[in-house]
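>>> A structural model of the following input is requested.
(chains A and B)
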Amino acid sequence: MRGRRTGGYAVWLLLTACLYFFENNTGTRILLVCSLLLPLVPTLRRALMAPDAEKAAPRFREQSMPTAAKSEPEDAGSLRLYQPGDPLNRVHWKLSAGRDTLLVRELAEGQEKGTPEQRSFPGELPSRSRSNRGPVFIICQALFAAALILLLLLPEARLGAMALANRIFRASEAVNAYVYHPFPVPAHQSVLLACVLLSVLLLSWLVLTVLSRRSVPLLLTMTGCVLFQVYFGLSFPLWLQILLFLFFLCVLLQRPWQKKALLLMLGCVAVIGLAISLLWPRPDAATEAASEAVRDQLSRTVQEITGRTAELPSGSSEVRHTHTQSLSAGEGIARPEREFQLITREEEQFSMPHWVNYLKIAGLLLLTVAVIVLPFLPFVLLQAREKKALAARAVFQSADISAAVCAILQHTVAWLDAMACGGENLPFRLWPPALIRHGLPEAYAKHFGACALLYEEAAYSEHTLSEEQRQEALALLEETEALLKARAGLRQRLRLKYKEFLWI
Amino acid sequence: MRPELDKVVSEIEKVIAGKRDLILKILTALLSDGHVLLDDVPGVGKTTLAVALSRSMGLLCRRVQFTPDVLPSDLVGFSLYDRESGSFLYRPGVLYQTNLLLGDEINRASSKTQSALLEAMEERQVTVDGQTYPLQKPFLVIATQNSVGAAGTQMLPYAQMDRFLMRLSLGYPDYAAQMIMLRERQGANPLDRAQCVLTREALLSMQQAVTQVTSRDAILDYITRLTMASRTHAAVSVGISPRGALFLDRVAKAHAWLEGRDYVTGSDVQTVLHDVCDHRVLVREQADKTAGEVLEELLRSVENPDRHRIFPGVKR
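Next comes the predicted model:
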């Protein structure tokens, strides 16, 4: 839940930043500042309304566990007769109604009204809490935010970033393939400040990525790398790409080491590589040679005519005609722009409409992202599974023993169902004969029957169960898992793995 | 099994052998404060059972043999003009001062009498000439109707059948039970040996205890799903009424209490379903099924609450 929210916020922030970068006016400035301040809202609310939040939190616990006063009001000893001067909100109206006298709830000293003594959240995992992320994380967050704000708000830094972008455009490999519109920047704009801010931004983002327990920032970084290369028409050298990939790999592996996940991922990489090497269309040598020859000839012809080296689009006799005309008029050197415009206009008539190109770019982008992201997918899935398993196990240890016993028995039944040796739609207390019929040992069936009665008590009564009963149920679960794993054949074992993957 | 009721059951078993299940069912009905319709052939010991029940618990037992000319005033009583005092005197009927009423062959009574009885059963009071007289507590009616020789009788309409908590059937005793019965009856009537082992007050407090039994939402959900499924079943023309659902809950509570628990489980509901609901389901003639078979299908198809996970903290 939280991870999705953070990821969504990051994407939103990026979009706003882009908007501000290209359309610099008051509206976008306000939007950007507002969205930068957005994460402060929960913090502020927590700071301002701390006591309310504390009160609201244990609400569902109170629902699931009846308080002692509800089941046995007399022996609690917390009721006494009303005396003049007692606050009216302490009167126990329900009990008073049946008795003709007013009864007042007596509170122990120091105990606030409505605050249960014991507080625990079954769904909450300890690793998720905010506090144990460490100061480095918070400092990096602050650095990142500060660098981003400075970069966007200081005109000097913004202009520097634009100049930097212009430089990168100029360095791009595809400088001749597309028409770039460089940002309007003064000629000798200093890029120092922008460089510093950008490197702070990048470094703090990287540290955040490494420290964060979620995969979203990492995936964002990877996508950012790809987008950077595509947008600027650059491609990092091969060693850098591999280094980046290895970096991401290391960051992912730094989370609890999983041999299975590593193998899965390597398998994915191998399969994708194999598919690419087998299915990728290779250039036909003969066609390449022919087109090379044509291009050579063309450029030689042009060179002969103009005396300059220029790469002309192929197959435009019309263009050459105009060109010669202008030359014969003796204006060739004086007005090169006009000729070039002519050429491009001609070219536009021949080429495909623009949207096809955009579509191609988008398709390529998607493909690249998919190729980079896919190998990491098993990781993400395994992590999600681990989280789910932890959450399920957390219920087993929750303070509400009834809920814990219910969860344990349901878990056991899920195991039995997965092996198709359950008792179908019978109440659990009637399962033991069915279990014996499916070949499970008699002692186990007896144990299951005992635990089924325990389950009924946990699920349908308002009794408070004891810790031993929880341990008994846990013992049943362990026994079941051991028994079923020992019994399962290869196919069933695979099926169990699959089921485990689905619901644990 | 509660020890105090165990004594009652063994006391009754002295008189009627081999009918432990049925005795327990009638006790369940008594505990959940409802009435029983016995659907059976004559001479299998219905009266003996009722008398033994009343003696072992110190209850007042009366018996009415219904015929077409039994009138409502025979049941609820009537006012008689007393010449000496110059005022009307209430002459109580059979229902007054009775804990356990055995109504034999209720289907032979006229519909007027039937409805008077059923009204008294429902409201637990009789009203004569504007005066209301409350009936004794507990008040249990065991009505019988013969399925054979029903010609010229007024069969109870569906709406009135619905008011009975349970419809049970005694059935013939098996070989061993009949041998015991014949041997016992050689000397004195064993009915005389039945002793009072439970007071009326204890019974009332038991009834009170039964109402304290917990039915969690999971159980109410199960009852609701069962009854709603019975209403939409293809073979059924009239399904289980909301009153049926209420009764089902009540009887399940009594059953759970009899088993020594203070909470209802899904198996309680399953156990009592046939007794409580068989006579509430009207099956289409084309379906060629009995109501019991339909309910059996429902038990198989409707997920029981153990499997239907709506408990807090448990994910599907």
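>>> Determine the number of other residues adjacent to the residue of the stretch 101-250 of chain B found nearest chain A.
Residue nearest to chain A within the stretch 101-250 of chain B (CB to the nearest CB): residue B:216, separated by 4.9 Å. Placement of C-beta: from N, CA and C, glycine included. Residue B:216: 18 surrounding residues under other CB atoms under 10 Å in any protein chain shown.
>>> do the same with residue B:18
Using other CB under 10 Å, residue B:18 has 17 other residues around it.
>>> what helix or strand is the nearest residue to it once chain neighbours are set aside on?
Nearest non-adjacent residue to residue B:18, counting by CB to CB, 6 or more residues apart in numbering or on different chains: residue B:177, 3.1 Å away. Element membership for residue B:177, per DSSP states H and E: helix B:175-184.
>>> for that helix, which positions count as buried?
For helix B:175-184, the buried set under the neighbour-count rule, 16 or more other CB atoms under 10 Å in any protein chain shown, comprises B:181, B:184.
>>> can you give me the mean pLDDT across the following helix or strand past it?
Sequence-wise, the next helix or strand beyond helix B:175-184 is helix B:200-211, with elements assigned using DSSP H and E. Mean pLDDT, helix B:200-211: 91.
>>> on contacts alone, who are the packing partners of helix B:200-211?
Packing partners of helix B:200-211 (3 or more CB pairs under 8 Å, 6 or more residues apart in numbering or on different chains; DSSP states H and E): helix B:3-15, helix B:20-31, helix B:242-258.
>>> May I see the buried residues of that helix?
Residues of helix B:200-211 classed as buried: B:200, B:203, B:206-207, B:210 (neighbour count, 16+ other CB under 10 Å).
>>> List the contacts of it.
Identification of contacts with helix B:200-211 by CB atoms under 8 Å, 6 or more residues apart in numbering or on different chains yields B:4-5, B:30-33, B:57-59, B:99, B:137-138, B:250, B:253-254, B:257.
>>> Just give me the closest of those to residue B:229.
When the contacts of helix B:200-211 are ranked by distance to residue B:229 (CB to CB), residue B:250 comes first, at 20.1 Å.
>>> you'd agree that closest one is up against residue B:31?
No. Assessed by CB atoms under 8 Å, residue B:250 is found out of contact with residue B:31, at 9.2 Å.
>>> Residue A:193: neighbouring residues, count only.
Applying other CB under 10 Å, we find 17 residues neighbouring residue A:193.
>>> among the helices and strands of the chain, which has the poorest mean pLDDT?
Chain wasn't specified; assuming chain A. Every helix and strand in chain A was compared by mean pLDDT, DSSP states H and E; the lowest is helix A:59-64, with a mean of 39.
>>> look at chain B instead
That would be, for chain B by mean pLDDT, DSSP H and E, helix B:158-161 at a mean of 82.
>>> and residue A:457, how many neighbours does it have?
Neighbours of residue A:457 (other CB under 10 Å): 19.
>>> what's the distance between it and chain B?
Per CB to the nearest CB, to the nearest Å, residue A:457 is found 7 Å from chain B.
>>> now what about the helix or strand encompassing that residue, what contacts it?
Taking DSSP H and E as the criterion, residue A:457 maps to helix A:442-460. The contact list for helix A:442-460 (CB under 8 Å, 6+ apart) reads A:401-403, A:405-406, A:409, A:412, A:427-429, A:431-433, A:435-436, A:463, A:465, A:469, A:472-473, A:475-476, A:479-480, A:483, B:214-216, B:218-219, B:263-265, B:267, B:305-306, B:311.
>>> Skip ahead from it and say which helix or strand is next.
The C-terminal neighbour of helix A:442-460 among helices and strands, as given by DSSP H and E, is helix A:467-487.
>>> quick revisit: in CSV: the helices and strands packed on helix B:200-211, plus mean pLDDT.
Output for the helices and strands packed on helix B:200-211, formatted as CSV (pLDDT from 0 to 100):
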stretch, mean pLDDT
helix B:3-15, 86
helix B:20-31, 91
helix B:242-258, 94
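>>> residues in contact with the residue nearest to residue B:18?
By CB under 8 Å, 6+ apart, residue B:177 lies in contact with B:17-19.
>>> Residue B:29 now?
Shown in contact with residue B:29 (CB under 8 Å, 6+ apart): B:35-36, B:140, B:165-166, B:251, B:254.
>>> State whether residue A:357 is indeed within a strand.
No. Assigned with DSSP: H, G, I helix; E, B strand; the rest coil, residue A:357 falls outside any strand and is helix.
>>> What segments of the stretch 101-250 of chain A are helices?
In the stretch 101-250 of chain A, the segments counted as helices under DSSP state H, counting those that start in this stretch are A:135-153, A:155-171, A:192-211, A:216-232, A:238-254.
>>> quick one, the third one and helix A:238-254 angle?
Relative orientation of helix A:192-211 versus helix A:238-254 (axes from the mean of the first three to the mean of the last three CA atoms, to 10 degrees): 40 degrees.
>>> what packs against helix A:192-211?
helix A:135-153, helix A:155-171, helix A:216-232, helix A:238-254.
>>> again, only using 7 Å
Here helix A:192-211 touches helix A:135-153, helix A:155-171, helix A:216-232, going by 3 or more CB pairs under 7 Å, 6 or more residues apart in numbering or on different chains; DSSP states H and E.
>>> That concludes my questions; thank you for your assistance.
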